[in-house]
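>>> Below are the sequence and a predicted model for it; my questions follow.
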Amino acid sequence: MAGGGSARGKRSRVTLRDVAELAGTSRSTASRALSGTGYVAEHIKERVQAAADSLGYVPDVSARTLKGRSSGVIGLLVSDLRNQFYAELAAGVEHTLSSEGYQVVLVDDHGSAERAVDAARAFLAMRADGVLIAPVGRGATELLVEHGMPVTEVDRRSGVRGCDVVTIDSRAGARAAVDHLLALGHRAIGVVVDETFWDTGRDRLKGYRAALRAAGVTAGRRHVLDLGHTARPAQEEVGRFLDSEPTLTAVFAANNVVAELVWLELKRRGVSVPDQYSLVSFDDLPWMRMVDPGVTAVRQPVFAMGERAAGLLLERVRRGGGGRSVSDVLEPELAVRDSTSAPRG
């Protein structure tokens, strides 16, 4: 489905002259202060840096590149390169972009909105032709769009206008997982999630609750563990959750990281899956097909999502960053394996 274009105009590029004027220095002094070359008094450095930050100044490290010439570089900003989900996403992106002659610069923001903004500034400085981003907040996307950079968000959405978005229908996928457990006869179904501050986690929690509500099952708060709001180690918290809710017969893990934690904790305790607990994961990774029993999982078309996001970005690059915003929602599917069965007893 499509949405309206950006309501804002492009922000004019802040120059070194602007920074120098605000800081009350010469351009050469401002340049030395920001580049770290040559002597500048410490209090002057601080004043220049404060001016640069307040103006949103991005140094142009490729000023020698002719104006309007393509850099041949696309930025890709993700949240955790240790997560196989992002490796598969990056593979889909690279498959599309490499065939068009682009190089991909991959950056991990470690889930930090501040690091994401730093990465966005770096992409602007290198004059990337466009940026693909799995947003952890609004700041990075806003900065890129306001500077006229073509942007496509992938996996999550920030709500910033003027960019395209490719996501998975997380709510529908979660509902399918819980509907499967309900059809097997489970009623005491717990959910473990760790990212409700992002739309993916929120939507999966909504899907879980919607499935229970449609089946006439009360979804109590005690059946929900949000690992994003605890200071304790995640593995320990999962153990406490299982101990506190002995009536549970099934657990829905809202992503692959959480699913691994739950699986390891159940195995550590010697719990039989699915005889004592049924387990469903949102995300389907290779290990889930290799363990015994195999884990029932909501399979996301991650590679295809990367390809589609890269394709939309290339279209936006060719239009010069303008045009209507496109929002594509891809459908997941449930892969049923042996980690789920009817509750015993």
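Thanks, I have the structure now. Note that this is a predicted model, so its numbers are computed, not measured.
>>> From here on, just use CA atoms for contacts and neighbour counts.
Will do.
>>> Tell me how many other residues surround A211.
Neighbours of A211 under the rule other Cα atoms under 10 Å: 23.
>>> Now name the helix or strand holding the closest residue to it other than its chain neighbours.
In space, and not counting its chain neighbours, A211 is closest to R175: 5.3 Å by Cα to Cα, 6 or more residues apart in numbering. Using DSSP states H and E, R175 sits in helix 170-183.
>>> Over to S339?
Short version: S339 belongs to no helix or strand, going by DSSP H and E.
>>> can you pull the contacts of it?
Residues in contact with S339 (Cα atoms under 8 Å, 6 or more residues apart in numbering) are V273, P274, S278, L279, V280, P293, G294, V295, T296.
>>> same thing but 6 Å
V273, P274, S278, L279, P293, G294, V295, T296 (Cα atoms under 6 Å, 6 or more residues apart in numbering).
>>> for H110, same thing?
S79, D80.
>>> hey, which helix or strand in the chain has the poorest pLDDT?
Here the helix or strand of the chain ranked lowest by mean pLDDT, DSSP states H and E is strand 2-3, holding a mean of 40.
>>> C-terminal to it, what's the next element?
Past strand 2-3, heading to the C-terminal end, the next element that is a helix or strand (DSSP H and E) is helix 16-23.
>>> what packs against that next one?
Judged by 3 or more Cα pairs under 6 Å, 6 or more residues apart in numbering; DSSP states H and E, helix 16-23 is in contact with helix 27-35, helix 42-55.
>>> Enumerate the positions of that helix that are buried.
Residues L16, D18, V19, A20, A23 are the ones in helix 16-23 that count as buried (16 or more other Cα atoms under 10 Å).
>>> any idea which of the residues you listed is closest to A30?
A20 (5.5 Å; Cα to Cα).
>>> What about R240, how many residues nearby?
When neighbours are counted by other Cα under 10 Å, R240 registers 12.
>>> so where's the protein shaky on pLDDT?
1-12, 36-38, 59-69, 229-231, 345 (pLDDT under 70).
>>> what residues are up against the spatially most central residue of it?
Centroid-nearest residue in the chain, with Cα atoms, centre = their mean: A134, separated by 3.7 Å. Contacts for A134 (Cα under 6 Å, 6+ apart) come out as V78, E153, V154, D155, R156.
>>> 8 Å - rerun?
Under the criterion of Cα under 8 Å, 6+ apart, the neighbours of A134 are L77, V78, S79, E153, V154, D155, R156, R157.
>>> For the residues you listed, give me TSV that also has distance to D226.
As requested, those are exported to TSV (distance: Cα to Cα, whole Å):
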residue	distance to D226
L77	25
V78	22
S79	19
E153	25
V154	23
D155	20
R156	19
R157	20
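>>> if you look at those residues, which of them are in helices?
Among these, no member falls in helices (DSSP state H).
>>> Would you mind putting the residues you listed into TSV with neighbour count and distance to Y86 alongside?
Formatted as TSV, the contacts of A134 follow (neighbours: other Cα atoms under 10 Å; distance: Cα to Cα, whole Å):
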residue	neighbour count	distance to Y86
L77	26	10
V78	25	7
S79	20	8
E153	27	13
V154	27	11
D155	24	10
R156	19	12
R157	24	16
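>>> which residues of this protein fall in strands?
Along the chain, counting by DSSP state E, strands occupy 2-3, 73-78, 103-108, 130-133, 151-154, 164-168, 189-193, 224-226, 250-253, 278-282, 296-299, 325-330, 333-335.
>>> Okay, buried residues for the last one please.
Of the residues in strand 333-335, those with enough neighbours to count as buried (16+ other Cα under 10 Å) are E333, L334.
>>> what's next to that strand, contact-wise?
With contact meaning Cα under 8 Å, 6+ apart, strand 333-335 is reached by G173, A176, A177, T296, A297, V298, R299, Q300.
>>> how many neighbours does S158 have?
Per other Cα under 10 Å, the neighbour tally for S158 reads 21.
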